[in-house]
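1. For reference, the sequence and a predicted model appear below.
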Amino acid sequence: MFLLVLFGGLGGLVALMAVVLWRRDRRRNRTESFEGLRIEEQARLQAAQDRVSYHSRAVHNGPPTHSDAYQRRR
């Protein structure tokens with residue numbers, strides 16, 4: 001009986017900690033301002049361009065100007 005109560009209490013504590021951390025993370029990752037959304041969109045587009053520009057074939061099998069990295073930086 002004692003072990004059942006002990007494990008039940010520990011399980012409840014773990015569940016409570018998981019819920020608290022999950023809610024804290026949701027609040028921290030939310031961008032509410034228009035400027036923040038615009039910054040996130042620019043970062044997402046930049047990451048997509050970098051994935052295209054620096055893929056394996058562009059980096060290893062062509063001349064240095066094979067990728068469009070030099071052309072898109074203004």
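-> Done, it's in. Numbering: from 1, shown residues only.
2. domains of this structure?
-> Domain assignment for the chain by automatic domain parsing gives 1-30, 37-74.
3. Pick out the shakiest of these, pLDDT-wise.
-> Among these, domain 37-74 carries the lowest mean pLDDT, a mean of 72.
4. Now do the buried residues in the helix or strand harbouring residue 15.
-> Per DSSP states H and E, residue 15 falls inside helix 2-28. Along helix 2-28, no position meets the burial threshold by neighbour count (16 or more other CB atoms under 10 Å). No exception for glycine: its C-beta is placed from N, CA and C like everyone else's.
5. by contact count, what packs against it?
-> Packing contacts for helix 2-28, counted by 3 or more CB pairs under 8 Å, 6 or more residues apart in numbering; DSSP states H and E, involve no helix or strand.
6. just checking, what packs against the very next helix or strand once past it?
-> Later in the chain than helix 2-28, the nearest helix or strand by DSSP H and E is helix 34-53. If contacts are counted by 3+ CB pairs under 8 Å, 6+ apart, helix 34-53 sits against helix 69-72.
7. measure residue 38 to residue 51 for me?
-> Distance, residue 38 to residue 51, using CB to CB, to the nearest Å: 21 Å.
8. Over to residue 22?
-> Taking CB to CB, one finds residue 22 at 29 Å from residue 51.
9. Same question for residue 43.
-> With CB to CB as the criterion, residue 43 and residue 51 are 13 Å apart.
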